[in-house]
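Asker: When you get a sec, could you give me coordinates for this:
(chains A and B)
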2 protein chains.
Amino acid sequence: MKKLLSLILAGTALTLALPASAQFAKAEDAVKYRKNALFVMQQNFGRVAAMAAGKAPFDAKVAAESAAVAEFVSKLPWAGFGPGTDKGDTKAKPEIWTDKAKFDDYAKKMEAEMTKLAAAAKSGNMDNIKLAVNATGGTCKSCHDDFRAK
Amino acid sequence: MKKLLSLILAGTALTLALPASAQFAKAEDAVKYRKNALFVMQQNFGRVAAMAAGKAPFDAKVAAESAAVAEFVSKLPWAGFGPGTDKGDTKAKPEIWTDKAKFDDYAKKMEAEMTKLAAAAKSGNMDNIKLAVNATGGTCKSCHDDFRAK
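Answerer: Residues are numbered from 1 along each chain as shown, chains lettered A, B, ... in the order given. Modelled structure (predicted):
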């Protein structure tokens, strides 16, 4: 019984201790995953941003759908920034891992603004969409300025 | 008034007539979008499939989250298969565009199986997860066999 319990606990500890990168078979999968999720997000965000800037005709349905996708996908890239994923084909700066709290804070802010954008796009109010696009774009830029190499 | 109406109608027709590829600034963005969405989906599906195959320890929470992400993302790649996106860095066969109905049918079947997998993973029942993983994997394979070059 004691042995069984310690096995169960050992199993639990192992699971809880798994870093995000352990979700990927190799580090390069994690790098690819975060880049691919960010691209899918950016394409959807960019479609709404183009409408907000008057560079594309406003289509309320497409805007709402695109913003909803961008919101969902905005939660995905971070699993790809686990320990040991600072190498390879990436513009990620080492500061992501040395100043993780700041990076995580930027990520949370971006997710929060993307949620506001999805709500604005759902409402179909272009003034609100414009404000939300600007706020969201600001969080992208802050993080890229600090954590992405040129 | 007549001029205004015809302008509005012209605008509407333009919007309705936009092919999926027009959601992208260039065809290569569409190709990248579908590949990136499929990779994000595959990584999440693969995580659940590894658990189902006993190659990774079963973590009900991670399985449920991963299957939910795979389900959501399974709806995204198809926008990237619009007209004119049959070129470039892609393994997509020309049959995707010449036998679009069959391709779309495969896509719908995969989405439906991914929805069943998400439900099975949410329930946490490993027997159901195994069945759903096999069924979903089968839809991936059918489509790749017919529509993806080696």
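
Asker: Could you look up the SS state of the closest residue to chain B within chain A?
Answerer: Ranked by Cβ to the nearest Cβ, the top residue of chain A for proximity to chain B is residue A:36, at 3.5 Å. Using the backbone N, CA and C atoms, a C-beta is placed for each residue, glycine as well. Three-state assignment for residue A:36 (DSSP: H, G, I helix; E, B strand; the rest coil): helix.

Asker: Count the neighbours of the nearest residue in space to it that is not next to it in sequence for me.
Answerer: Spatially, and ignoring its direct neighbours in sequence, residue A:36 is nearest to residue B:36 (3.5 Å; Cβ to Cβ, 6 or more residues apart in numbering or on different chains). Residues contacting residue B:36 under the criterion other Cβ atoms under 10 Å in any protein chain shown number 24.

Asker: Isn't residue B:36 up against residue A:41?
Answerer: No - if you go by Cβ atoms under 8 Å, residue B:36 and residue A:41 don't touch, sitting 9.9 Å apart.

Asker: Tell me the spacing between the residue nearest to residue A:36 and residue A:40.
Answerer: Look at residue B:36 and residue A:40: by Cβ to Cβ, to the nearest Å, they are 5 Å apart.

Asker: Need the residues touching each of those two.
Answerer: The overlap between the contact sets of residue B:36 and residue A:40 (Cβ atoms under 8 Å, 6 or more residues apart in numbering or on different chains) is empty.

Asker: residue nearest the centroid of chain A?
Answerer: The centroid of chain A falls nearest to residue A:74 when counting by Cα atoms, centre = their mean (3.6 Å).

Asker: Tell me which residues touch that residue, please.
Answerer: Contacts for residue A:74 (Cβ under 8 Å, 6+ apart) come out as A:41, A:110, A:111, A:114.

Asker: Check residue A:93 too.
Answerer: Listed by Cβ under 8 Å, 6+ apart, the contact set of residue A:93 reads A:146, A:147, A:148, A:149.

Asker: residues near the second one, how many?
Answerer: One way to gauge burial is a neighbour count; for residue A:147, by other Cβ under 10 Å, it gives 20.

Asker: Can you verify my assumption that it contacts residue A:92?
Answerer: Yes - the criterion here is Cβ under 8 Å, and residue A:147 meets it with residue A:92 at 6.8 Å.

Asker: Helices - which of the contacts of residue A:74 land there?
Answerer: Residues of the contacts of residue A:74 located in helices (DSSP state H): A:41, A:110, A:111, A:114.

Asker: rewinding a little: what sits against the residue of chain A closest to chain B?
Answerer: Listed by Cβ under 8 Å, 6+ apart, the contact set of residue A:36 reads B:35, B:36, B:37, B:39, B:40.

Asker: let's see it at 7 Å
Answerer: Contact partners of residue A:36, counting by Cβ atoms under 7 Å, 6 or more residues apart in numbering or on different chains, are B:36, B:39, B:40.

Asker: That one and residue A:76, how far apart?
Answerer: Separation of residue A:36 from residue A:76 (Cβ to Cβ) stands at 9 Å.

Asker: do residue A:64 as well
Answerer: With distances taken as Cβ to Cβ, residue A:64 is found 20 Å from residue A:76.

Asker: and if you look at residue A:109?
Answerer: Distance, residue A:109 to residue A:76, by Cβ to Cβ: 16 Å.

Asker: next one: residue A:143
Answerer: In terms of Cβ to Cβ, residue A:143 sits 15 Å off from residue A:76.

Asker: Over to residue A:102?
Answerer: Counting by Cβ to Cβ, the gap between residue A:102 and residue A:76 amounts to 20 Å.

Asker: neighbour-wise, which of the two wins?
Answerer: The neighbour comparison of residue A:102 against residue A:76 (other Cβ under 10 Å) goes to residue A:76, with 21 against 15.
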